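Enquirer: I would like to see how this sequence folds:
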Amino acid sequence: MFVSFPPSGMTASARADTLAEAGRVVAMGCASPDSVVFSAEMSCAEIPRDAPRRTRRLLIVTNWSARGYQPDILRIVMSNAETRERFARRAVWLAEERDYVGMLLDFRSLGPRDVAALATLVTDIRAAARSRSLSPVGIAVPVADTAAYPGRQLGPLTDFLALQLETEPASPGPLTPRDIMARHIGARAAEIGAHRVMLLIPADGYAWLAGEGRRRVSFEEAVALARDWRVEFVRDESSSTLRARAPGRGEIWVNDAGLIAGIVRDARRLGIRRFALYGLGGEDPAIWPAIAPRPVTR
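Expert: Numbering: from 1, shown residues only. Modelled structure (predicted):
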């Protein structure tokens, strides 16, 4: 599966189209609360109205806007039954109108006090989706934040819990350290059952440039940057992440097929069978074989 989290660039959108045509499950598009009038209406600027009809696409329903993720707007939507139900109905209408088969909920930047309200909103959205035979409905959650996004409460309300395997290092470091992620994934699988878990694995990384700070880079961009710096990538022993350093120039940490294959192997040992990539467009070309489904043997 490929997940095109908003905002996604043209390269990622083109990659999504190619994957959808090849029959892979793709979560793309963007339906979010209207940030101007603070209502439960939905905007869908990232869903092209002339997009070809395809199957196996999930609509991303999110609290993202051009200003980033907006928890306060979502709290207004969650505050009473009328706005929740209107939000859910509108999301379902958008999905049906553009031939999406299901939904991926992407509600970020909430806190532990929002859990009950979020659970009620998720319940309303899934009920509305089921009434129109839209399936599956999953929810993306930060893998480590069990306080604001507890699996025991959110997992049973959806078809799957999509664990976003990502940190946001303030200083140069790995985006998806394999050692740390293995512990978080194991805890989540124990929390709700491995059969209800999907892993969302980033296929890109970060570069810290001298005088500029951190910026997101694709694998392709990272390779080009290291080549320009005339340095080689080495694999960090603890996190299994590729890194490159150039004194006075900066530092790069990026995910590649080797890291992702290791994460997938760790997860499969726990019984997890669903995997998704995001941050595509310039990814390591060897990534897809790394998460290919295993043949069924009897």
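Enquirer: Buried residues, stretch 208-224. List them.
Expert: Judged by neighbour count using 16 or more other CB atoms under 10 Å, the buried positions of stretch 208-224 are Trp208, Arg214, Val217, Ser218, Phe219, Glu220, Glu221, Ala222, Val223. No exception for glycine: its C-beta is placed from N, CA and C like everyone else's.
Enquirer: do the same with stretch 134-142
Expert: Residues of stretch 134-142 classed as buried by neighbour count (16+ other CB under 10 Å): Leu134, Pro136, Val137, Gly138, Ile139, Ala140, Val141, Pro142.
Enquirer: ok, now stretch 242-254?
Expert: Applying 16+ other CB under 10 Å to stretch 242-254 flags Leu242, Arg243, Ala244, Arg245, Ala246, Arg249, Gly250, Glu251, Ile252, Trp253, Val254 as buried.
Enquirer: Grab the nearest non-local neighbour of the fifth one.
Expert: For Ala246, ignoring the flanking residues on the chain, the nearest one in space by CB to CB, 6 or more residues apart in numbering is Trp229 at 3.8 Å.
Enquirer: Name the residues that touch the helix or strand Ala162 falls within?
Expert: Counting by DSSP states H and E, the element that carries Ala162 is strand 160-164. Here strand 160-164 makes contact (CB atoms under 8 Å, 6 or more residues apart in numbering) with 3, 104, 136, 138-143, 151, 154-155, 184-185, 188, 192, 196-200, 274, 276.
Enquirer: mind listing what the residue nearest to Met181 when sequence neighbours are not counted touches?
Expert: Spatially, and ignoring its direct neighbours in sequence, Met181 is nearest to Leu165 (5.1 Å; CB to CB, 6+ apart). Going by CB under 8 Å, 6+ apart, Leu165 touches Val143, Thr176, Met181, His184, Ile185, Leu199, Leu200, Ile201, Pro202, Ile263.
Enquirer: Spell out the residue ranges of the helices in the stretch 51-200 of the chain.
Expert: In the stretch 51-200 of the chain, the segments counted as helices under DSSP state H, counting those that start in this stretch are 71-78, 81-97, 115-131, 151-154, 178-192.
Enquirer: By mean pLDDT, which helix or strand of this protein comes out lowest?
Expert: In the chain, no helix or strand scores lower on mean pLDDT, DSSP states H and E than helix 10-21, which sits at a mean of 52.
Enquirer: Among the buried residues of stretch 208-224, which ones are in strands?
Expert: Trp208, Arg214, Val217, Ser218 (DSSP state E).
Enquirer: ok, Gly68 - how many residues close by?
Expert: Around Gly68 there are 12 other residues, counting by other CB atoms under 10 Å.
Enquirer: Run through the bridge partners of it.
Expert: Taking DSSP bridges as the rule, Gly68 bridges to Ser65.
Enquirer: got a pLDDT number for it?
Expert: pLDDT for Gly68: 84.
Enquirer: coming back round to it: from the ones in strands among the buried residues of stretch 208-224, pick the one nearest Phe233.
Expert: Distance to Phe233, by CB to CB, is smallest for Val217 among those, at 12.7 Å.
Enquirer: Go through stretch 173-188 and flag the buried ones.
Expert: For stretch 173-188, a neighbour-count test (16+ other CB under 10 Å) marks 173-178, 180-182, 184-186, 188 as buried.
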